[in-house]
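Q: Starting from these lines, generate the structure:
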Amino acid sequence: MGAGSRQTPRRGVAVELQGVRRSYNGFDVLRGVDLSVKAGALLAIVGQSGTGKSVLLRQIIGLERPDAGRLVVGDLELPRYLALPPGEKPFRIAMVFQSAALLGSLTVAENVSLRLREQQRLPPAEIDEITRRVLGDVELEGTGEKLPSELSGGMRKRVAIARALAIEPELILYDEPTADLDPILTLQIAELIKRIRASHGSTQIIVTHNLPLARAIADEIAVLDRGRIVECSTPAELVQSRQPLTREFLRAAALGT
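A: Numbers count the residues shown, from 1 in each chain. Down below sits the predicted model:
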């Protein structure tokens with residue numbers, strides 16, 4: 001069955017981190033991160049600015065290699081997965097960057113289909129069908145010929161999500177997907193992420209400073225503090241937390257006392 005054909009969504013892949021460390025110029029950013037994400041789960045990672053949330057995502061997707069520790073995605077050690085040729089990878093990983101990272105000289109459709117066209121494994125007509133479908137999934141029908149500069153910030157975020165969906169990933173990573181968006185657009189992105197889970201079945205990991213957003217969409221919320229995960233619990237359990245940083249987040253978001 002071709003990648004453009006509708007089929008029952010596949011379950012996402014599990015993610016396991018054990019003792020992951022990363023330093024820059026002698027400064028420890030990640031100091032031994034332990035984290036487990038179940039297949040098909042939606043995990044939010046919260047923490048103060050500069051605590052290494054984005055660095056952690058870059059380790060998981062393989063943009064950087066940790067100094068120490070173990071990362072397993074879908075029962076494969078991450079280095080082994082990364083070494084496989086694209087056609088032999090048993091699952092796919094996609095990342096939605098904070099800036100959306102769209103190419104300004106390409107149309108929306110060209111941005112969304114870029115990875116598929118580079119792989120040269122599908123005929124153009126099938127790539128066009130996939131592109132139309134995922135733009136529909138993010139409610140951007142009819143925008144394919146527009147340039148990114150013609151779109152609002154919220155629309156550009158949705159194009160970036162459509163680009164991720166185009167490869168049918170079993171794992172999607174989001175780096176601050178609602179940064180710089182107003183409350184209404186933030187709610188729209190939150191609803192979109194929840195729909196993706198229902199329709200695509202992907203495991204999703206979201207880095208955010210927005211605790212109300214995390215509580216609204218996540219199965220579990222992990223709190224990153226000084227390079228370590230100090231707490232990982234359900235949204236309901238989180239409001240009862242005695243962990244100092246978690247209490248500060250709750251107070252700042254007017255969710256706790």
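Q: tell me the SS of the nearest residue to Gly74 once chain neighbours are set aside?
A: Nearest non-adjacent residue to Gly74, counting by CB to CB, 6 or more residues apart in numbering: Val13, 3.3 Å away. C-beta: built from backbone N, CA, C; applies to glycine. Classification of Val13 into helix, strand or coil gives coil, according to DSSP: H, G, I helix; E, B strand; the rest coil.
Q: surely Val13 meets Gly201?
A: No: under the criterion of CB atoms under 8 Å, Val13 is not in contact with Gly201, lying 10.4 Å apart.
Q: okay, the two: which has more neighbours?
A: Between Val13 and Gly201, Val13 has the larger neighbour count (other CB atoms under 10 Å), namely 24 against 16.
Q: Pull up the gap between the more buried one and Leu102, please.
A: Applying CB to CB, to the nearest Å, the value for Val13 to Leu102 is 26 Å.
Q: what's the answer for Ile206, then?
A: If you measure Ile206 against Leu102 using CB to CB, the figure is 20 Å.
Q: tell me the contacts of the residue nearest to Gly74?
A: With CB atoms under 8 Å, 6 or more residues apart in numbering as the criterion, the residues that contact Val13 are 39, 73-75, 91, 170-171, 203.
Q: Let me see the backbone angles for it.
A: Backbone torsions for Val13, taken as degrees, to the nearest 10, come to phi -110, psi 150.
Q: Next: Leu76.
A: Here the main-chain torsion angles of Leu76 (degrees, to the nearest 10) amount to phi -120, psi 130.
Q: Same check on Gly69?
A: Given degrees, to the nearest 10, the pair of backbone angles that Gly69 has is phi 110, psi 180.
Q: excluding its backbone neighbours, what's nearest it?
A: With CB to CB, 6+ apart, the residue lying closest to Gly69 is Val20, at 3.5 Å.
Q: Output the longest helix belonging to the protein.
A: helix 183-200 (DSSP state H).
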